[in-house]
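Novice: compute the structure for the input listed below.
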Amino acid sequence: MKILDERIWSLFKRHWHQTLTYWSVFFSFGLCIAFLGPTILDLRCQTQATLQQITWVFFSQQFFLLVGSSLGGLFKKTLLFSLSVLFSCTLIISLVFAIIPLCYHVVLLSVAMAIAGLAMGVIDTIANLQLVKLYQKDSAIFLQALHFFIGLGALVSPLVADPFLAEDRCVLGANSTANSSADLQHLRSSQAGHGAVLHNITQYPLHTEGTVITRVSYAFWIMAFINLPVPAAVLILMYYERLLPCSSNSPRLLNKESQSNTSPPGDSSQGHGSVFGCCNPAKLRGRPPTFFLLHVLGGAILFITDGIIGSYAGFVYTYAVSPPLLMGHKAAGCLDSIFWASITAGRLAFIYLSYRYTAPRLLTFSLVGVILMQCMLLIFYTSHVFLFIGTCVLGLCISSVFPSMLAFTEDLLDYKGCATTVLVTSASTGEMILQLLVGLVIHSQGSYSFLLCCTIVSFIGFCLLLLLLYVQHIHRNCHTDSSKSMNMKEKTEPGGS
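Specialist: This is a model prediction of the structure:
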């Protein structure tokens with residue numbers, strides 16, 4: 001039995017250059033999103049800021065990622081515009097990596113991370129939009145692969161940084177006492193998530209005055225170098241698309257290859273734009289209520305699932321080292337890496353599964369798996385071993401929700417809605433806000449409430465999925481009825497003339 005049929009394989013061969021370019025762009029996205037947590041203490045030393053001050057860098061990146069996701073749809077009007085913006089954003093990420101070692105004040109570092117976050121948000125929206133536009137009804141497989149490259153970049157980034165992280169204190173003060181490497185590892189793991197709440201940090205003497213000793217700048221320069229082929233790949237694609245003044249007269253890739261097999265009639269990008277552009281009354285007039293409900297429900301589900309991913313990655317370490325588990329710092333520090341590795345492996349596996357099964361089945365399987373695993377984690381809350389097993393299985397289950405939901409919703413709306421922009425923005429919003437809310441609950445109610453919060457919102461997400469499946473059934477029936485009435489009207493017009 002063939003892994004993929006000839007049609008899917010021929011589609012990839014037809015668009016391999018564009019596809020690989022968008023995948024590499026998402027590798028750049030993943031590279032940028034994962035480096036901050038492991039390096040945050042060294043950056044604190046570099047800027048000689050307090051730990052409370054340096055955590056604002058997390059907020060700066062996450063907030064502007066949300067802004068970039070919201071505005072990213074504005075840049076899809078032409079292929080030249082989209083690729084030019086992708087080239088600029090990927091180049092900006094390399095430049096930010098290169099200049100971070102030169103940011104000796106926390107405000108400058110926050111500005112640099114805000115610029116990087118804005119570029120990341122734009123990349124997130126445009127790459128998803130372009131891949132959906134390219135493959136449309138066959139986009140599910142390629143979206144799974146696209147999001148696999150986020151995980152791949154997120155795995156590479158900490159591996160590059162690790163050899164250059166400080167094992168001991170990195171600010172030598174006149175009257176300072178050394179921090180043990182275990183203390184630094186504990187703080188570094190506690191800062192794994194963007195919304196991590198600081199607990200009892202005053203017991204760790206993190207000095208802000210003295211001689212700075214850190215080698216983390218080498219890690220950022222290496223990552224800047226690793227990322228440079230990505231804007232180069234976008235530039236090469238622009239050249240082959242004849243979008244550059246120096247391009248040859250050879251036919252464009254998209255002209256010399258038939259797109260009739262992948263594109264339904266009509267303008268596939270109609271309706272896409274920024275979140276604010278999607279609210280244009282002229283575009284919304286005459287749409288059935290189910291059209292709006294599909295956007296809202298799809299966005300709400302991704303708000304929850306991406307929020308769970310961010311919350312779990314951010315607080316699983318805090319949960320593991322707190323009572324009743326009281327896990328060792330080194331063992332607990334592995335949980336976040338295991339979670340992201342399982343998400344990456346899950347997206348790789350779902351590339352094939354999305355070809356074999358429909359998006360509704362995959363979404364149902366994923367959310368049921370998330371609920372069951374979190375309930376099991378609640379039951380076996382004192383087991384160290386099961387926490388590792390549950391973290392791995394949870395990552396596998398939740399990994400495919402975003403690409404599957406994006407492909408499913410765009411297909412329901414015939415690629416004429418604002419699904420990609422709305423879903424990407426909702427996911428970014430959930431990752432930021434839900435982490436903050438879960439962090440506040442943990443701070444007031446204790447670490448056990450972390451799993452309880454994630455389980456409750458998982459049940460809400462599954463209920464929203466059931467509602468989405470019901471609404472899509474109504475929407476398809478309405479669409480079929482309207483198509484039949486239009487056909488009847490066209491048949492009666494010649495007879496009456």
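
Novice: so residue 139 touches residue 415, yeah?
Specialist: No. Between residue 139 and residue 415 there is no contact under CB atoms under 8 Å: 9.2 Å. Heads up, the C-betas are built off the backbone N, CA and C, glycines and all.

Novice: between these two, which contacts overlap?
Specialist: residue 132 (CB atoms under 8 Å, 6 or more residues apart in numbering).

Novice: wait, residue 459 sits on residue 371?
Specialist: Yes. Counting by CB under 8 Å, residue 459 does reach residue 371; the two are 6.2 Å apart.

Novice: what packs against the helix or strand hosting residue 406?
Specialist: Here residue 406 is covered by helix 401-412, with elements defined by DSSP states H and E. The contact analysis (3 or more CB pairs under 8 Å, 6 or more residues apart in numbering; DSSP states H and E) places helix 401-412 against helix 106-135, helix 139-161, helix 289-321, helix 329-356, helix 359-379, helix 419-445, helix 448-496.

Novice: distance of residue 164 from residue 31?
Specialist: Computed as CB to CB, to the nearest Å, the residue 164 to residue 31 distance reads 16 Å.

Novice: comparing those two, which residue is more hemmed in?
Specialist: Remark: of residue 164 and residue 31, residue 31 carries more neighbours, 27 against 18, as counted by other CB atoms under 10 Å.

Novice: are we agreed that the more buried one is in a strand?
Specialist: No. Residue 31: not assigned to a strand; according to DSSP: H, G, I helix; E, B strand; the rest coil it is helix.

Novice: quick one: it and residue 150 touch, right?
Specialist: No. If you go by CB under 8 Å, residue 31 and residue 150 don't touch, sitting 9.2 Å apart.

Novice: help me confirm that residue 324 is found in a helix?
Specialist: No. Secondary structure of residue 324 (three-state DSSP): coil, not part of a helix.

Novice: can I assume it is in contact with residue 380?
Specialist: No. Contact criterion CB under 8 Å: residue 324 and residue 380 do not qualify, at 11.4 Å.

Novice: higher neighbour count, these two?
Specialist: residue 380 (14 against 8).

Novice: ignoring the adjacent residues along the chain, who's closest to the more buried one?
Specialist: Leaving out its chain neighbours, the residue that sits closest to residue 380 by CB to CB, 6 or more residues apart in numbering is residue 386, at 4.2 Å.

Novice: list the contacts for that neighbour?
Specialist: With contact set as CB under 8 Å, 6+ apart, residue 386 has these partners: 376-377, 380.

Novice: using PDB, list the CA coordinates for stretch 371-382.
Specialist: Below are the C-alpha coordinates for stretch 371-382, written out as PDB (Å, rounded to 0.1, in the frame of the first residue of the first chain):
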ATOM      1  CA  ILE A 371      -9.300  15.000  28.200                       C
ATOM      2  CA  LEU A 372      -8.600  11.400  29.000                       C
ATOM      3  CA  MET A 373      -4.900  12.000  29.600                       C
ATOM      4  CA  GLN A 374      -5.500  15.000  31.800                       C
ATOM      5  CA  CYS A 375      -8.100  13.100  33.900                       C
ATOM      6  CA  MET A 376      -5.500  10.300  34.300                       C
ATOM      7  CA  LEU A 377      -2.900  12.900  35.400                       C
ATOM      8  CA  LEU A 378      -5.400  14.100  38.000                       C
ATOM      9  CA  ILE A 379      -6.000  10.600  39.300                       C
ATOM     10  CA  PHE A 380      -2.300   9.600  39.400                       C
ATOM     11  CA  TYR A 381      -1.200  13.000  40.700                       C
ATOM     12  CA  THR A 382       1.400  11.500  43.000                       C
END
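
Novice: outside of that stretch, which residues touch it?
Specialist: Against stretch 371-382 from outside (CB under 8 Å, 6+ apart): 324-325, 386-387, 390, 393-394, 397, 448, 451-452, 454-455, 458-459, 462.

Novice: nearest to residue 107, of those?
Specialist: When those are compared for distance to residue 107 (CB to CB), residue 454 wins out at 34.1 Å.

Novice: quick one: the closest one and residue 312 touch, right?
Specialist: Yes. Taking CB under 8 Å as the definition, residue 454 is a contact partner of residue 312 at 6.3 Å.

Novice: from the chain's centre, how far out does stretch 107-122 sit?
Specialist: 16 Å (CA atoms, centre = their mean, to the nearest Å).

Novice: and that stretch, which residues are buried?
Specialist: For stretch 107-122, the neighbour count (16 or more other CB atoms under 10 Å) marks 109-122 as buried.

Novice: average pLDDT for it?
Specialist: Taken as a whole, stretch 107-122 has an average pLDDT of 94.

Novice: could you do stretch 152-171 as well?
Specialist: The model assigns stretch 152-171 a mean pLDDT of 77.

Novice: again, but for stretch 295-312
Specialist: 93.

Novice: so what's the gap between that stretch and the chain middle?
Specialist: With CA atoms, centre = their mean as the basis, stretch 295-312 stands 11 Å off its chain's centre.

Novice: what's the answer for stretch 79-97, then?
Specialist: Taking mean C-alpha positions (CA atoms, centre = their mean), stretch 79-97 and its chain are 17 Å apart.

Novice: restricting to C-alpha, output it in CSV.
Specialist: Extracted C-alpha coordinates of stretch 79-97, given in CSV (Å, rounded to 0.1, in the frame of the first residue of the first chain):
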residue,chain,number,x,y,z
LEU,A,79,2.3,37.1,-4.1
LEU,A,80,5.1,39.7,-4.4
PHE,A,81,3.8,41.5,-1.3
SER,A,82,3.5,38.3,0.7
LEU,A,83,7.0,37.0,-0.2
SER,A,84,8.6,40.4,0.3
VAL,A,85,7.1,40.6,3.8
LEU,A,86,8.2,37.0,4.6
PHE,A,87,11.7,37.8,3.4
SER,A,88,11.8,40.9,5.6
CYS,A,89,10.5,39.2,8.6
THR,A,90,12.8,36.2,8.4
LEU,A,91,15.8,38.6,7.9
ILE,A,92,14.6,40.6,10.9
ILE,A,93,14.7,37.5,13.1
SER,A,94,18.3,36.9,12.1
LEU,A,95,19.1,40.6,12.8
VAL,A,96,17.4,40.4,16.2
PHE,A,97,19.4,37.3,17.1
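
Novice: now do the buried residues in it.
Specialist: Neighbour-count burial for stretch 79-97, counted by 16+ other CB under 10 Å, picks out 79, 82-87, 89-97.
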